[in-house]
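make a model of this:
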Amino acid sequence: TSSGGGSSSVGCTQSSEFGASGSAGVTPLKLHPLADLGVQLFSHPSYQLASVRALPQMPASSVDFTTFSWPALIRRLKAMSLAGVYLDEGLSGYMPGSSGGGAAALPLHKYKNKAVSSMLVLRGGDAGSVPVREFDDPHMYASWSVDPLLVAAHTAKFAGCPMSASLLSTDQACVAPLHPMQSKAYAMLSARAYVHQYEAYGLEQADFEQCFAVVEDIMAAYGSLG
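Predicted coordinates for the structure are as follows:
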């Protein structure tokens, strides 16, 4: 099933039991976690890496002294995704302000981290009725993505928190660590660091270069999303 808010909305599949959630209400679909995760996030052969973001981020000793709110969790999780970060800090520039009676839209230059697809997992009280229109935003996803958002929910608590939200995304941020790693690997190969140890077991420089080319293709594919 899909939900949308008009022609500008993204496709949103919502699953229940691991329950249904979303702005359109509960949809009685059973979610098969591993199968649905694989289909939703990794169905495209060029996008096989994903980022994981989760809220709240706090020590267990603070849970009993914290007030939880689904709208606040959803807004901050979206801000983390837009900024391409994994920590819940320094997000003020990615939080929508107010305009008139509602939230003002973020300028397009704030959408620094595009995704092919995402899976939003909500755990806790009333998780099946949480509005998720914050993620019904076509600017978050590649223009060619079809049904890029899967939302799953369950009333069971996670890690003792009365409310928690996690977002798994095949987004551009997940390849950011590859750039310095690739540069260092190129430098080591150029200096032939440890290469003789690999050559002793039949590997040649061409094998390394082929692997580097695969990584370059992965980074180029994710880079083309922006």
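
number of nearby residues for residue 36?
The local packing of residue 36 (other Cβ atoms under 10 Å) involves 18 other residues. Bear in mind the C-beta positions are built from the backbone N, C-alpha and C, glycine included.

how much space separates the residue sitting nearest the centre point of the chain from residue 183?
Centroid check for the chain by Cα atoms, centre = their mean gives residue 169 as the closest residue, at 2.5 Å. According to Cβ to Cβ, to the nearest Å, residue 169 and residue 183 sit 25 Å apart.

ok, back up a step: which residues pair with the residue nearest to the centre of the chain across the strands?
With DSSP bridges as the criterion, residue 169 is bridged to residue 51, residue 118.

residue contacts, it?
41, 50-51, 53, 81, 115, 117-119 (Cβ atoms under 8 Å, 6 or more residues apart in numbering).

switch the cut-off to 6 Å
51, 115, 118 (Cβ atoms under 6 Å, 6 or more residues apart in numbering).

dump the residues you listed to CSV, plus neighbour count, pLDDT and distance to residue 195.
Output for the contacts of residue 169, formatted as CSV (neighbours: other Cβ atoms under 10 Å; pLDDT from 0 to 100; distance: Cβ to Cβ, whole Å):
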residue, neighbour count, pLDDT, distance to residue 195
51, 22, 96, 32
115, 27, 96, 37
118, 26, 94, 40
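
show me which of these is closest to residue 174.
residue 51 (4.2 Å; Cβ to Cβ).

wait, isn't the closest one in contact with residue 174?
Yes. Counting by Cβ atoms under 6 Å, residue 51 does reach residue 174; the two are 4.2 Å apart.

any weak-confidence spans in the protein?
Applying pLDDT under 70 to the chain flags residues 1-33, 97-104.

just the strands in it please.
For the chain, the strands identified by DSSP state E occupy 12-16, 51-55, 98-99, 102-103, 115-124, 149-154, 163-171, in order along the chain.

top helix in this structure by residue count?
Assignment by DSSP state H gives helix 205-223 as the longest helix of the chain.

can you list contacts of that one?
46, 172, 175, 178, 182, 189.

one more time with 10 Å
The contact list for helix 205-223, computed with Cβ atoms under 10 Å, 6 or more residues apart in numbering, reads 44-49, 114-116, 142, 170-176, 178-179, 181-182, 185-186, 188-189, 192, 195, 198-199, 203-204.

picking up where we left off before, intersection of neighbour lists for residue 51 and residue 174?
84, 113, 115, 168.

quick one: the third one from residue 62, how far?
Think residue 115. 30 Å.

before we move on, what about the last one?
In this structure, residue 168 lies at 25 Å from residue 62, with Cβ to Cβ as the measure.

which one's more surrounded, these two?
Counted by other Cβ under 10 Å, residue 168 and residue 62 do not tie: residue 168 has more neighbours, with 21 against 9.

leaving out the residues flanking it, which one is nearest to that one?
residue 119 (4.6 Å; Cβ to Cβ, 6 or more residues apart in numbering).

swap in residue 54?
With Cβ to Cβ, 6+ apart as the criterion, residue 54 has its nearest non-adjacent residue at 4.3 Å, and that residue is residue 166.

count the neighbours of the one you found for me.
The burial count for residue 166: 16, using other Cβ under 10 Å.

name the residue most distant from the centre of the protein?
Farthest-from-centroid check, the chain (Cα atoms, centre = their mean): residue 200, 41.0 Å.
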